[in-house]
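> What shape does this take:
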Amino acid sequence: MQLSDVNLLDLDAFVSGRHHEMFSVLRAEQPVHWTDEPEREGPGFWSITKHADLQMANRDTATFSSELGGTQRIDLADVEEFDTRGVMLVDTDPPKHTRYRRLVNKGFTPRMIALIEAHLRYRAELIVDDVIESGTCEFVGDLAAELPLQAIAEIMGVPQEDRRLMFDWSNQMIGAQDPEFMDPEDPDAAKRAAAEVFAYSNQLAAARREDPRDDIVTTLINAEIEGERLSELEFDMFMLLLTVAGNETTRNATASGMDALLRHPDQLAALTANLDDDAYLSTAIDEVLRWATPVLHFRRTAAVDTEVRGQEISAGDKVLIWHISANRDEEVFADPFTFDIERTPNEHVAFGGGGAHYCLGANLAKIEIEIIMRELLSRMGDLSAAGETEVLRSNFIGGVKRLPVHFTPGHRKHPIGTSA
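Next comes the predicted model:
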């Protein structure tokens, strides 16, 4: 591939895997790269592709702003009815981001995470129970998606019977570039899904004011620091973020990780043989996260004129920081295109490049992946692919739509009808 062949707006390249070739060329020849956009979408954007540069940009919020233009490539100022700048956690800069995060951190205390973890270990048993007797399943919908959905439902206080609403809403919002989730006759489906999340969140908040419970909704509507509380809009936006980020990212990391394990039987065998070794499993999950990189990029906006690797960037320019490229940086990772569950060190940036925007749910995500991997690999020792893996058509989310698998049928741990 030549530099002239690089087109980061070619969504089909992200389905076929050619995007890795593009980023290899960019890291070697033009690590700070300009892409022209279609006229209706903007003037163009810079791409930062090296690990060190991504970390720098992620930590320097005074130069590379999340709030000026938001974290999406499309300018939110052009989507007035869904402008999240300054009101969604990921689309704020310090000091506003610091105040916002201090408030929502009250819902992610070690005590809260420990309570959730205990529930999730039991629920993982039930999730595997639901498929173990059949000998076949669709891994994404039946296994990878279920635990994150149940975790987010638990955190938000959403009745478990409503969790599939969240699955559908997040698919509509994140899958807008994929024909399977697009409806040419309904271009506002993603916005309507977001509105439905808002309405549902407000109903939850109203219910918790009347009937407080030990969940994040009750915590957030009562959270206060130095006399400040979350506004209704901030609360709604955080619930929207939680619906998407707490569901899509962990689901796709789990599915992409399993896809990689099935393509590398030696790695699958090694992981299965070491499930009782917590340190080994933690190291393996870091490699799963590096390999999968569920969020392919985030956008920043240059707040001032600056320079990266000799390339001048003007105030107001869009800057995309590509996690998927940084996680294959040859200067940081030996044999970056080798899937190695024993890789150490592993300074992946799947949770961001450090600084203020480091992923709030990183610990919970790793716990969820560890729980479901341990449960299913201990009970499905001969898991194998039963068809082609279908990948989401997107240059924003590294998603897996379907992964059919089969295995020797086993026995349930709990009677049919058991629920958490």
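> show me where the stretch 101-250 of the chain has strands.
136-138 (DSSP state E, counting those that start in this stretch).
> so where do the helices sit in it?
Secondary structure of the stretch 101-250 of the chain (DSSP state H, counting those that start in this stretch): helices located at 110-132, 139, 146-156, 163-174, 189-210, 216-222, 232-245, 248-263.
> could I get the ones you listed as CSV with mean pLDDT and distance to residue 418?
Heads up, the C-betas are built off the backbone N, CA and C, glycines and all. Formatted as CSV, the helices of the stretch 101-250 of the chain follow (pLDDT from 0 to 100; distance: least, C-beta to C-beta, whole Å):
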stretch, mean pLDDT, distance to residue 418
helix 110-132, 88, 6
helix 139, 97, 22
helix 146-156, 81, 14
helix 163-174, 73, 17
helix 189-210, 81, 26
helix 216-222, 80, 26
helix 232-245, 78, 27
helix 248-263, 94, 23
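> Out of the ones you listed, which gets nearest to residue 342?
Closest to residue 342 of those is helix 248-263 (C-beta to C-beta; 13.3 Å).
> name the element residue 312 belongs to?
strand 311-313 (DSSP states H and E).
> do residue 33 as well
Element membership of residue 33 [criterion: DSSP H and E] is strand 32-35.
> Does anything pack onto whatever helix or strand comes next after that strand? Which helices or strands?
Counting by DSSP H and E, the element after strand 32-35 in chain order, helix or strand, is strand 45-48. Other helices and strands packing on strand 45-48, by 3 or more C-beta pairs under 8 Å, 6 or more residues apart in numbering; DSSP states H and E, are strand 32-35, strand 318-322.
> Can you tell me which of those is most buried?
strand 318-322 (a mean of 24; mean count of other C-beta atoms under 10 Å).
> strand partners of that strand, parallel vs antiparallel please.
Its sheet considered, strand 318-322 pairs with strand 45-48 (parallel), strand 297-302 (antiparallel) by DSSP bridges.
> Next, count neighbours for the residue nearest to residue 214 when sequence neighbours are not counted.
Closest residue to residue 214 apart from its sequence neighbours, by C-beta to C-beta, 6 or more residues apart in numbering: residue 115 at 7.4 Å. By other C-beta atoms under 10 Å, 15 other residues sit near residue 115.
> how near is residue 115 to residue 155?
Distance, residue 115 to residue 155, using C-beta to C-beta, to the nearest Å: 10 Å.
> count of residues packed around the nearest residue to residue 292 once chain neighbours are set aside?
Nearest residue to residue 292, sequence neighbours excluded (C-beta to C-beta, 6+ apart): residue 256, at 3.5 Å. Applying other C-beta under 10 Å, we find 24 residues neighbouring residue 256.
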